[in-house]
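Student: turn this into a model:
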Amino acid sequence: MMALLCAVAAHGVWAQNVTAEEMMLLDEMRAKYKTVGKELSPEDEARILQRVRAMRNLVPPAAAAPSFAPAPVQPAYQYQPAAQPVAQPAISESDLRQKMRVVQQHQKVVNEVVFLRDGITFDGQRFADPEGRTSRFVIDARQGRVAYTVGTGDRVAVKIANLKSPAEAVTVGQVTQQGNQWVFTSVTGKTLAGELFFPLTDGVLVLRDSVGFRYVAGEGVQQINIPNGWYPAPLQRGNISTTGWLLLEKDTAEERASPLAGLLSIGKMVGLADASDYALMNVSTGKMVPISINSSGKNAYAYSGCRRKNALINICDQSVSYESTFQPDGSPNPTHYFWRVDWMNTANGPVLIAKEGTMGAQVHAWDLGTGKKVLLLERTLGVGHMNARIHPDGRVQLAAQMGFGREVIEDVVAELQKRPDMMAQARSAP
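Tutor: Here you go, the predicted structure:
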C-alpha cells in the first residue's frame with residue numbers, strides 16, 4: 001500500500017485526497033497498460049478516477065451519513081524500504097488485556113470517514129500516528145475503534161486505537177513479509193504465518209489455503225478451519241472484526257479439469273447449474289451461508305490488434321483474461337464478487353447483502369443470526385452497481401443501479417423483518 005501511495009505521488013495524480021480503493025484501481029490499471037507496452041499518463045489517471053467517483057456517487061452523501069466504512073480489506077500490500085519500528089519487549093496476555101481496556105472503554109459512533117495518504121479523518125477530525133506513516137485501516141464505525149499498521153519497510157507495527165483517545169493506541173505486534181508469506185508476531189510472543197493478513201479491531205487474522213488463525217489481543221489464538229474444497233477469498237469487503245464472518249471461494253480446479261467444464265460454466269451463467277462458488281463462514285461456529293455467484297465473473301478481458309468489421313463488431317487478434325476488480329476503462333467490474341457481496345454489523349446483528357443469480361438479477365439480504373433471507377431487488381437484465389451505507393441511527397441504506405435509474409432501500413434491516421423468508425418458503429415446498 002505504501003508503495004502504491006508513492007506511485008500515485010510520482011505520477012502526479014491529484015493534489016486532492018486519493019482513497020485506498022482508488023489507489024488499488026490505479027495500481028491495477030498501470031499493470032494492465034504495461035502488459036501491452038503502454039503507460040498511463042496523469043490525464044488518463046484523472047479520467048479513470050473521475051469515472052470511478054461518478055460510480056460511487058450512486059448514493060448522494062447525507063449530511064449525517066457515514067462514508068462506506070470499514071474500507072475494503074485488501075489481501076496484500078507492498079512496503080517501502082525505510083526505518084523499522086522499534087520492537088517492544090514481550091508482555092503477558094494479561095498485561096495486554098489491561099491495555100486493551102483503555103481502547104474498549106469509550107464508544108464513539110463515527111458518521112463519516114475519509115482515507116488520506118497518511119491517516120484518516122473521522123467526522124472532520126484528523127487521525128494519524130506520531131510514530132510513522134499509517135495505512136491498512138479497518139474501522140468499527142459503531143464502536144469508534146480502528147486498527148491499522150504504522151511504519152514503512154519490510155516490518156511494520158500493528159496498532160489498535162479508540163478514535164476518542166487516539167494517543168492511547170495499543171501496539172499488538174509486528175508483521176513482516178517473508179517471500180509470499182506474512183509473519184505476525186504479537187507483543188506477547190505469539191507468531192502467526194500465512195498468505196493473507198488482515199488487521200482486526202480486536203487483533204489480527206492470518207490465513208492460509210485450508211486454515212486460518214485469529215489472534216485476539218489479550219486473549220490468545222483461535223484456529224479457523226477452512227472446509228475442504230474452499231479457500232479464503234483474497235478480497236474481503238465486509239468487516240470480519242465486527243461480524244465474525246469470513247468470505248470463502250470454492251476451489252473449482254477439479255471442475256475446470258473436467259471434460260464437461262465448458263458446459264458446466266455455461267450452465268452456471270444461464271442458471272442451469274449451481275453457481276454457489278462463494279459462501280460466508282462464521283469463524284467461531286463454522287456455519288456456512290452459500291451465495292449464488294459464479295467465480296468466473298471475477299475475470300476481466302483486455303483485447304489487442306482490434307479492427308472494425310461493422311458498426312457492431314470488432315475483430316481482435318488477441319484476448320487476455322485476468323482477475324480484476326476493475327474493467328480496462330477504470331469502471332468497477334460488475335461481475336466480480338468484491339462488488340456483489342457485502343456484510344456489516346447492525347444493532348440487530350450481522351447482515352449480508354449479495355447480488356445473486358444469472359447476470360446478478362436479484363439482490364438478497366440475510367439476517368446472519370437467524371438465517372432469514374429476503375428478496376430486496378430484482379431485474380431480469382441484471383442489477384447494476386450497488387452500495388450500502390450504515391447511518392448513525394443504525395439504518396443500513398442500499399442503493400442500486402436499475403437500468404437507467406436507481407432504486408434506494410432506506411432501511412434494509414426493517415425490510416428483513418417484514419418481508420417473507422425465502423428459506424422458510426423453500427423448506428415448506430414439497
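Student: residues in contact with residue 353?
Tutor: 341-343, 363-366, 376, 386, 388, 396, 398, 412 (CB atoms under 8 Å, 6 or more residues apart in numbering). C-beta coordinates here come from the backbone N, C-alpha and C atoms, glycine included.
Student: can you pull the buried residues of the host helix or strand of it?
Tutor: In this structure, residue 353 sits in strand 349-356 according to DSSP states H and E. Neighbour counts over strand 349-356 (16 or more other CB atoms under 10 Å) mark 350, 351, 352, 353, 354, 355, 356 as buried.
Student: residues making contact with the very next helix or strand once past that strand?
Tutor: Following strand 349-356 in sequence order, the next helix or strand is strand 362-367 (DSSP H and E). If you take CB under 8 Å, 6+ apart as the criterion, strand 362-367 is touched by 289, 348-349, 351-356, 372-378, 383, 386, 398, 400, 412, 415-416, 422.
Student: now strand 362-367: mean pLDDT?
Tutor: The predicted model assigns strand 362-367 a mean pLDDT of 97.
Student: check stretch 386-393 too.
Tutor: Mean predicted lDDT for stretch 386-393 stands at 82.
Student: same check, this time on stretch 131-144
Tutor: pLDDT averaged over stretch 131-144 gives 87.
Student: what do you get for stretch 334-341?
Tutor: For stretch 334-341, the per-residue pLDDT averages 89.
Student: tabulate the buried residues of strand 349-356 (CSV), appending distance to residue 98.
Tutor: Formatted as CSV, these follow (distance: CB to CB, whole Å):
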residue, distance to residue 98
350, 29
351, 33
352, 35
353, 38
354, 40
355, 44
356, 45
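Student: dump these to a markdown table, plus pLDDT and distance to residue 119.
Tutor: Shown next, in a markdown table, are these (pLDDT from 0 to 100; distance: CB to CB, whole Å):
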| residue | pLDDT | distance to residue 119 |
| --- | --- | --- |
| 350 | 95 | 28 |
| 351 | 97 | 29 |
| 352 | 97 | 30 |
| 353 | 97 | 29 |
| 354 | 96 | 32 |
| 355 | 95 | 33 |
| 356 | 94 | 37 |
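Student: hmm, back to that, tell me the buried residues within the contacts of strand 362-367.
Tutor: 289, 351-356, 372-374, 376-377, 383, 386, 398, 400, 412, 415-416.
Student: follow-up on the earlier one: between the contacts of residue 353, which is nearest residue 192?
Tutor: residue 343 (23.6 Å; CB to CB).
Student: name the helices or strands packed onto the helix or strand hosting the closest one?
Tutor: Using DSSP H and E, residue 343 falls within strand 341-346. When contacts are defined as 3 or more CB pairs under 8 Å, 6 or more residues apart in numbering; DSSP states H and E, strand 341-346 sits against helix 240-243, strand 278-282, strand 349-356, strand 386-390.
Student: my read: residue 373 touches residue 421, true?
Tutor: Yes: between residue 373 and residue 421 there is a contact under CB atoms under 8 Å: 6.6 Å.
Student: which one of the buried residues of strand 349-356 is nearest residue 134?
Tutor: residue 350 (27.2 Å).
Student: tell me the contacts of that closest one?
Tutor: 242, 243, 244, 245, 343, 344, 368, 369.
Student: for residue 194, give me its contacts.
Tutor: 181, 182, 206, 207, 208, 212, 213.
Student: name whatever forms a beta bridge with the spatially closest residue to the first one that is not a sequence neighbour.
Tutor: Ranked by CB to CB, 6 or more residues apart in numbering and with sequence neighbours excluded, the top spatial neighbour of residue 181 is residue 193, at 5.4 Å. Residue 193 has these beta-bridge partners by DSSP bridges: residue 183.
Student: look up how far residue 370 lies from residue 193.
Tutor: Residue 193 sits at a distance of 36 Å from residue 370 (criterion: CB to CB, to the nearest Å).
Student: try residue 389
Tutor: From residue 389 to residue 370 the distance is 23 Å (CB to CB).
Student: tell me which of the two has more neighbours.
Tutor: Neighbour tally, residue 389 and residue 370, criterion other CB atoms under 10 Å: the higher count belongs to residue 389, 18 against 12.
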